[in-house]
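S.K.: Could you look at this predicted model? Sequence included:
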Amino acid sequence: MTLRRSLGQQWSKSILANRLALTLKKSDKVQQLFGGATSLATVTNTIAALVFAEGEPVWLPPMESSEQTPLEHELALHCLFAASRLLFVKEIEQGELGQAEHLVLTIAYQWSQSLINTPTHTSEQTLSSDAQRLCQLLQTINTQLEKVRSEKRHSSRNMGSHF
């Protein structure tokens, strides 16, 4: 039974990564980030792996393999937040992230900014209070990481100045 559950979770990760890629492809700001060696597929697979890192998330609806539609913006936000939360802890504890992981954090921040800054015209497009809170938390994660990175750069520059 464990093998079946594991295979099912791998399948769910691949479906999530594919649908997340369909969602992120529509954002010009996100597309601008992919001029380097890391592909969108690598980043979305990283996000999917992080979303499922603690088991199958209860907030994620079941996904069919035949479904080839982008994720709803708030569901993509939830995925980006889940991944960013884990990467925040990893960077604070271990200090270094890979290129794909850095891109996840950048995309999550930009995604939250785009959701906040998009003018809404219908009640259907307005962000739920949960989504607004996730956007605020992603902004906080970004601010805290920038502060930590700045302090790290400052301390490494000053290491040789005491002689």
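M.R.: Nice, I can see it.
S.K.: How far off centre is the host helix or strand of residue 113?
M.R.: Using DSSP states H and E, the element containing residue 113 is helix 99-117. The chain centroid and the centroid of helix 99-117 are separated by 6 Å, computed with CA atoms, centre = their mean, to the nearest Å.
S.K.: Tell me the first helix or strand C-terminal of it.
M.R.: helix 129-157.
S.K.: tell me which residues in that following helix are buried?
M.R.: 131, 134-135, 137-138, 141-142, 145 (16 or more other CB atoms under 10 Å). Glycine gets a C-beta too; all of them are placed from N, C-alpha and C.
S.K.: for the protein, what helix or strand is lowest in average pLDDT?
M.R.: helix 2-24 (a mean of 85; mean pLDDT, DSSP states H and E).
S.K.: in it, what counts as buried?
M.R.: 12-13, 15-24.
S.K.: For that helix, list the C-alpha coordinates in PDB.
M.R.: C-alpha atoms of helix 2-24 as PDB (Å, rounded to 0.1, in the frame of the first residue of the first chain):
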ATOM      1  CA  THR A   2       2.900   2.400   0.700                       C
ATOM      2  CA  LEU A   3       4.200   1.900  -2.800                       C
ATOM      3  CA  ARG A   4       0.800   2.700  -4.300                       C
ATOM      4  CA  ARG A   5       0.500   5.800  -2.200                       C
ATOM      5  CA  SER A   6       4.000   6.900  -3.100                       C
ATOM      6  CA  LEU A   7       3.300   6.500  -6.800                       C
ATOM      7  CA  GLY A   8       0.100   8.300  -6.500                       C
ATOM      8  CA  GLN A   9       1.800  11.200  -4.800                       C
ATOM      9  CA  GLN A  10       4.500  11.300  -7.500                       C
ATOM     10  CA  TRP A  11       1.700  11.400 -10.100                       C
ATOM     11  CA  SER A  12      -0.100  14.200  -8.200                       C
ATOM     12  CA  LYS A  13       3.200  16.200  -8.100                       C
ATOM     13  CA  SER A  14       3.700  15.900 -11.800                       C
ATOM     14  CA  ILE A  15       0.100  17.000 -12.500                       C
ATOM     15  CA  LEU A  16       0.500  20.000 -10.100                       C
ATOM     16  CA  ALA A  17       3.800  21.000 -11.700                       C
ATOM     17  CA  ASN A  18       2.300  20.900 -15.200                       C
ATOM     18  CA  ARG A  19      -0.800  22.900 -14.300                       C
ATOM     19  CA  LEU A  20       1.400  25.400 -12.300                       C
ATOM     20  CA  ALA A  21       3.600  25.800 -15.400                       C
ATOM     21  CA  LEU A  22       0.500  26.500 -17.500                       C
ATOM     22  CA  THR A  23      -0.500  29.200 -14.900                       C
ATOM     23  CA  LEU A  24       3.000  30.800 -14.600                       C
END
